[in-house]
Every structure is written in C-alpha cells, then in structure tokens.
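Engineer: dropping a prediction and its sequence here:
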Amino acid sequence: MDDKTIKENIEMMKDVLISHVPFAKAIGMEILDAEKGKAWMRIPYDKKLIGNPDTGVIHGGVITSALDNVSGVAVQLALPERMAIATLDLRIDYMKPATPEKDLTAYSECYKVTRNIAFVRGTAYHTDIEDPIATCVGAFMLAANRAMPTQETVEKNLMGKGGS
C-alpha cells in the first residue's frame with residue numbers, strides 16, 4: 001500500500017474497528033496513528049474498566065483486548081488489500097500493573113506476512129513505550145473467511161474417507 005492508501009485505510013479502519021468489535025466501542029478504543037504495518041491506539045482511563053476497586057488498576061482483559069485489536073489493525077495495514085483475518089495466537093507478557101487514572105496506549109507492528117499468516121509484536125504503555133505495562137507477540141490467519149469449506153471440498157473429503 002502506498003502512503004495515500006494507508007492514510008485512507010486508517011480513516012476507514014477507525015470506523016471498521018469500532019463497528020465490528022462492540023467491546024472496542026464500549027471501552028472507548030480509538031486509533032491514534034498508523035502507517036504501513038504499524039498502529040497506535042488509545043483507551044482513555046475510565047472507572048468502569050477497573051479490575052480491582054481497591055487499587056483502581058484497569059482490568060488485564062482491557063490490556064489484552066487493546067493489544068489484540070491494535071495488532072489486527074497493524075496486520076490490515078501490512079496487507080496489499082483488506083481481507084478477513086483472525087487471531088490464531090496472542091501471547092501477552094504483563095510487566096507491571098497499569099497506573100490508575102492514566103490512559104492506556106497500545107502499539108503493534110506487523111513484521112512478517114506470509115501467504116497464510118501475519119506475525120505481530122506489540123506493547124501496551126502509558127506515555128513511554130520503553131516502560132511497558134505489557135508486551136505481546138502474535139499470529140493472525142489471513143483470509144479467515146476461507147476457513148469455511150465449500151460443498152465440493154466436503155464431498156471430496158467424504159469420498160476419500162470411505163464415503164460414497
């Protein structure tokens with residue numbers, strides 16, 4: 001994708017991300033910036049996101065969701081055209097608790113795209129990416145809508161397994 005197409009996709013992706021992932025809208029996710037294969041997202045601090053009322057720290061699931069979503073956006077921006085994708089694997093390493101009252105920023109880079117899989121790494125942080133709350137590595141299946149077998153494929157598989 002050229003820079004103009006990337007910028008157009010970023011504007012589209014802001015709406016697509018929110019409309020296709022109701023949870024993203026519910027927690028206030030917004031894309032801050034993006035470029036080819038990279039994306040930055042923010043989730044404003046909100047008391048409804050607190051996981052432990054005694055500490056005021058946001059729930060780890062919010063951090064996981066942020067890293068998963070920003071990674072998906074990075075994958076979309078690394079591809080030559082938009083297509084259905086699905087998270088295959090996402091490993092999260094939590095480094096420290098988030099700080100109460102601070103917004104969460106998430107960054108991800110799609111560093112490798114093969115015919116069927118895209119690979120990402122990302123970081124969740126407050127203001128300094130060098131001081132991470134959590135990091136992730138993951139893999140996304142490309143053209144995820146291909147996973148549904150056609151009737152012809154089902155019949156061939158049945159024929160090969162002793163079916164008529």
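Structural biologist: Cool, the structure landed. Residues are numbered from 1 along each chain as shown.
Engineer: how much space separates the residue nearest in space to the middle of the chain from Glu109?
Structural biologist: Nearest to the mean C-alpha position of the chain, by C-alpha atoms, centre = their mean, lies Asn69 at 2.5 Å. Asn69 sits 14 Å away from Glu109, going by C-beta to C-beta, to the nearest Å. C-beta here means a position set from N, CA and C on the backbone, and glycine is covered the same way.
Engineer: which secondary structure element contains the residue nearest to the centre of the chain?
Structural biologist: helix 60-78 (DSSP states H and E).
Engineer: list the buried residues in that helix.
Structural biologist: By 16 or more other C-beta atoms under 10 Å, the buried positions in helix 60-78 come out as 60, 62-78.
Engineer: just checking, next helix/strand downstream of it?
Structural biologist: Per DSSP H and E, the helix or strand that comes after helix 60-78 is strand 85-94.
Engineer: neighbouring strands - and their directions - for that next one?
Structural biologist: strand 134-142 (antiparallel) (DSSP bridges).
Engineer: which residues does the partner strand contact?
Structural biologist: 60, 63-64, 67-68, 71-72, 75, 79, 83, 85-95, 108, 113, 115-124, 147 (C-beta atoms under 8 Å, 6 or more residues apart in numbering).
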